[in-house]
Structures are given as structure tokens and as C-alpha cells.
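>>> Give the three-dimensional model of this entry:
(chains A and B)
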Amino acid sequence: MAPQWWRRFAVRGVFWRQYLDFGVTNVPFYLLPVTIFFWTIFFFFVAAPARRAVLANLRIIRPGASRLTNYFRTFLTLHNFAWTIADAADHKLAGTEFAYEVEGEEFLTQLGRAHGAILLTAHMGNYDLGAAIFAQRFDRPIRMVRVPEADEQTAAHLDASLERSGGGAVKVAYNTSSMALPLELLAAIRTGEIVSIQGDRPVAHASQRETRLFQQVVRLPDGPFMLGFVAEAPIFPLFIVRTSYHRYRVIARPPIHCRREEGDRNVVIAEAMERWSQTLEEVITTYWAQWFSFVPIFPRAKG
Amino acid sequence: MRRQEGYAFALSRLVARLGGRQVRRAEWSALETYGVGLLVFGISCVCAGRVLPLFVRATVLRVLLFGALPVLLWVTFLLLYYLVSLFIRLLRRFGLYSAPTNDPVQHLFFVWLTTVLSLLLVAKGSVWLQWLGGLWLGPLILNLISIPIERLLDQDLR
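This next block holds a predicted model:
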């Protein structure tokens, strides 16, 4: 195992997060594009597993494209990722404002008014910034469920960042094998809180089931739907994508309901997951360059 | 849905206001950001490219260094950010600077650096290099003039 000091410099190590904070507080805004461009080239070569995963996913999302084209698309995806984490750090440390427009305003308003709801999102666009903006706009606390970071120091840094950027309104909960989390989330929803979950990637030891995405059988987490079923809370698909420099689009889609009276639990959840995967597919088709799924999702891509 | 407009520089805001548009001070313009960024980086690249042959004689090495120049300059900029941040740390220690972020001082440094390089291009460069220098100096002067004009306009509105 690599020594502790060396792990800081791994791709997911805390050093790069701290360096990002240094960058956004020191680099004049007009030099950020040049800086981010060259750092993307650096990480394109260094972060090989992430690059391979994006490439593998792109083969399914954009079939028929040449290998070179997909390499370019992978670079574009990593470049967008660099921008989104830089923007989130900029918001946290410098209080930089971002312009955003809303697609599906009525669904966002419904979510803002809901007494207990699930905000279902994906590893897409700037989900961290989105949670902070949502919490501030509707003056409501939000509990964000995340996959634990591999590096403890990075996890602590990210937790602090999220809670700071959300002005204390964003609380982080980790998706582990513990049975305490579902009960904690259920209690939070019942007291009227909004719980944000990423539903585009299965997590080891967490409940999941098969559904279809881009004509492929994939495994996606079914936890959000079971939670929606038990708590009888609506599930709102919501994404925040980068449209231009310091500009974002919040995409809110119609809520998905998992109602007990609609039949057997398994059938209701399977139908809800189908609706979610359709929504996810539509958004990924348009914003494929902002789907930051750095693990292969599709079985064919894994092989 | 109306697009919100925001510019970081007084010149851009003044031009937009004279065009009858409502603007605010914000870093939301891609044109402004990418335009200024490319100009700052481009002028530094051109100046470094002009100095390079004075120190490197071997043709192969020259070609290699010319190819790698943008990357070398990026690394140099990273080093400059760090050195300026050390200077800012010193200012903070003596209570001479208290802003939450360092980029205002870094901005002054890079504007100063690009202005010096542009003046050199205008004084000693070929015609197109003089144009390149002018491309920085012209808007810079106009931006400095725009600052008091914008303040006057703001006072009138109050």
C-alpha cells in the first residue's frame, strides 16, 4: 500500500482538491479557461481509469462513432468536469454568483413546496452547486446522499465544502452498507426534509435492480424508489447542467410517484425505475458531455 | 426566458448600457473571459517566442521548445500564481491586505505584466506585433476611461 503522504497526490487525493481551492482564489477569472484546459490535458493522461470508463460509456451512448471521436468526447467530458468542480469551489470560497435558467419551473416550484420529497439526480453537471443553489433559493435544508470517497481526507474536504457552499443548509450522508441510513432518510422525509440521491450508478452493498438504459440491461439503485414507496413521497428528477461560462440550466422533470395503492411493491418500483431510466436517457442523450460517470455502467462496456 | 447579462469589466458594461441593455457586475460573459484570457496568454506566448531564439541556438531544440511553448508558459504562470500568493501572504501578515481571495492582486499583476509586454511589442515589434500590443493597450485605456464614466452614470441614476 502506498504511504500516507504519497496517497495525498493520487488522482482522488486531497492534494488536488486543496490545489483547486488555491487555483480559484488566485487565478484571475480570465485565465481560468487556459489553466483548466491544460489541467484537463494533464488529467486526461493521469486519470486513466476515469478516461477508460467515460470512453466505454460513450461507446454505448454514441454508437457508431470512431475511436478518435470518442477520445475527443472523453476529453470534452473531463474538461466539463474540471469546469464544474472549479465553479463549485469558486461558489464556496469566493461567493461567485452563477447565472442559471430553469427548465420545468413548475416542477421545481412543486419540489420547493413539497413536505418531504426525494430529489433524484445523476453524476451530471454541477450537482454540488445545484444542491447549494436549491437550498438557498427555497430556503430549505437538503440532505445529500453520496458515495463515500476512497480517500478519507478528500471526503472530509468535500463534506466541509458542501456544507459551506450551501450556507449550512446542505448536509451530507454517506451511502454505505449500514442499515441506519435508510431509517435516517425516512425520518428526514417524514419531518419534511428534501433528500437528494444520485440514481445513475449502483453502489456496492446497496440495494439495486435491473432496468434498461440505452437498450442495455443495467443495474441502478432502487433505494430512492423504496424510500419513496415507504414514505409516500414524490421523487423529482432534477439535473443542473453547464451551458456556458458561469451559466447553468436547472432541468426539473415531472415527479415520479411510487404509490402503495397502485399495486404490488415490486411492480410499482419497477415501473418507477423504468420512468427514471427513460428520463435519465433523455438527459444523457442531450448532455452526454456532462455525464461524469467515471465507472463503466453498461455490462457490454465492462467486458 | 430573458438571458441575464453581467460583465466584469467597466468597458463591456458601458457598451452594453449604451446599447440600452440592463447589465450588472458579474463574471458571466464567455466572450469577455475567453477574449481577455487568450490575449493575456497569447501576448506572453509571442514575447516568449521572440526571446527564445536569443538563448537557444540549436534548430531542433528551438522547434521542440516552440512546440512546447504554451505548456511551458502554463507552468510558468502556475509558478507566478504561487510567487504572487507568497507576496500576498506577506501583505496579509502586515495587515495590508484583507480581501477573502487573492485574485484581485493577481489580476493587477497580470494586467501590469501584459501591459509591459504590450508596450515592448509596440515599441520594438513588427507591424503585426504592434497591432497585437495595441489590441491590449487600446481596450485597457478605454476600460480605465469607462470606470469614472460608469460611476458618473450610477450617481445620476441615484
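>>> Next, the buried residues of the lengthiest helix in chain B.
Determined from DSSP state H, the single longest helix within chain B is helix B:59-93. In terms of neighbour count (16 or more other Cβ atoms under 10 Å in any protein chain shown), helix B:59-93 has its buried residues at B:65-66, B:69-70, B:73-74, B:77-78, B:80-81, B:84-85, B:88. Every C-beta, even on glycine, is put in place using the N, C-alpha and C of the backbone.
>>> Out of those, which are close to chain A?
B:Pro70, B:Trp74, B:Phe77, B:Leu78, B:Tyr81, B:Val84, B:Ser85 (Cβ under 8 Å from any Cβ of the partner chain).
>>> For A:Val54, state which of those residues is nearest.
B:Trp74 (23.5 Å; Cβ to Cβ).
>>> Which secondary structure element is home to the nearest residue to the closest one once chain neighbours are set aside?
Distances taken as Cβ to Cβ, 6 or more residues apart in numbering or on different chains place A:Phe38 nearest to B:Trp74, at 4.4 Å, with adjacent residues excluded. Taking DSSP states H and E as the criterion, A:Phe38 maps to helix A:32-46.
>>> how far off helix A:32-46 does the very next helix or strand once past that helix point, in degrees?
As assigned by DSSP H and E, the chain's next helix or strand after helix A:32-46 is helix A:48-61. Interaxial angle of helix A:48-61 relative to helix A:32-46 (axes from the mean of the first three to the mean of the last three Cα atoms, to 10 degrees): 90 degrees.
>>> packing partners for helix A:48-61?
helix A:67-94, helix A:299-302 (3 or more Cβ pairs under 8 Å, 6 or more residues apart in numbering or on different chains; DSSP states H and E).
>>> Just send the ones you listed back as a markdown table, with distance to B:Glu32 too.
Listed next are these as a markdown table, based on distance: least, Cβ to Cβ, whole Å:
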| stretch | distance to B:Glu32 |
| --- | --- |
| helix A:67-94 | 16 |
| helix A:299-302 | 40 |
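>>> Out of the ones you listed, which gets nearest to chain B?
Taking Cβ to the nearest Cβ, helix A:67-94 is the member of the helices and strands packed on helix A:48-61 nearest to chain B, at 4.9 Å.
>>> Buried residues in that closest one, which are they?
A:70-71, A:73-94.
>>> Please apply the same query to stretch A:19-38.
A:20-21, A:23-38.
>>> Kindly report the same for stretch A:130-147.
Neighbour-count burial for stretch A:130-147 [16+ other Cβ under 10 Å]: A:130-135, A:138, A:140-147.
>>> picking that back up, any idea how far the residue nearest to B:Trp74 lies from B:Arg62?
Applying Cβ to Cβ, to the nearest Å, the value for A:Phe38 to B:Arg62 is 22 Å.
>>> Quick check: which ranges of the chain have low pLDDT?
Answering for chain A, as no chain was given. Chain A contains residues with pLDDT under 70 at A:1-3, A:162-168, A:176-178, A:300-303.
>>> The chain in question should be chain B.
In chain B (pLDDT under 70), the answer is B:1-3, B:157-158.
>>> all helices for it, in order.
B:10-18, B:30-55, B:59-93, B:103-124, B:127-157.
>>> Now do the longest one against helix A:32-46, angle only.
It stands for helix B:59-93. Going by the same axes, to 10 degrees, helix B:59-93 makes 120 degrees with helix A:32-46.
>>> Does at least one residue of stretch B:126-142 sit close to chain A?
No - judged by Cβ under 8 Å from any Cβ, stretch B:126-142 and chain A are separated, with a smallest distance of 12.2 Å.
>>> Could you tell me how many residues sit around residue 48?
In the absence of a named chain, chain A is used. 11 (other Cβ atoms under 10 Å in any protein chain shown).
>>> wait, I meant chain B there
17.
>>> For chain A, see how far away it is.
Here B:Ala48 is placed at a distance of 14 Å from chain A (Cβ to the nearest Cβ, to the nearest Å).
>>> Check whether that residue really touches B:Leu69, as I assumed.
Yes - here B:Ala48 lies in contact with B:Leu69, judged by Cβ atoms under 8 Å, at a distance of 6.0 Å.
>>> what is in contact with these two at once?
Both B:Ala48 and B:Leu69 lack any common contact, where contact means Cβ atoms under 8 Å, 6 or more residues apart in numbering or on different chains.
>>> With adjacent residues omitted, what lies nearest to A:Ala50?
A:Phe294 (4.0 Å).
>>> so where's the longest strand in chain A?
strand A:235-244 (DSSP state E).
>>> What is it packed up against?
Using 3+ Cβ pairs under 8 Å, 6+ apart, strand A:235-244 sits against helix A:67-94, helix A:105-113, strand A:117-121, helix A:127-137, helix A:223-231, strand A:247-252, helix A:265-286.
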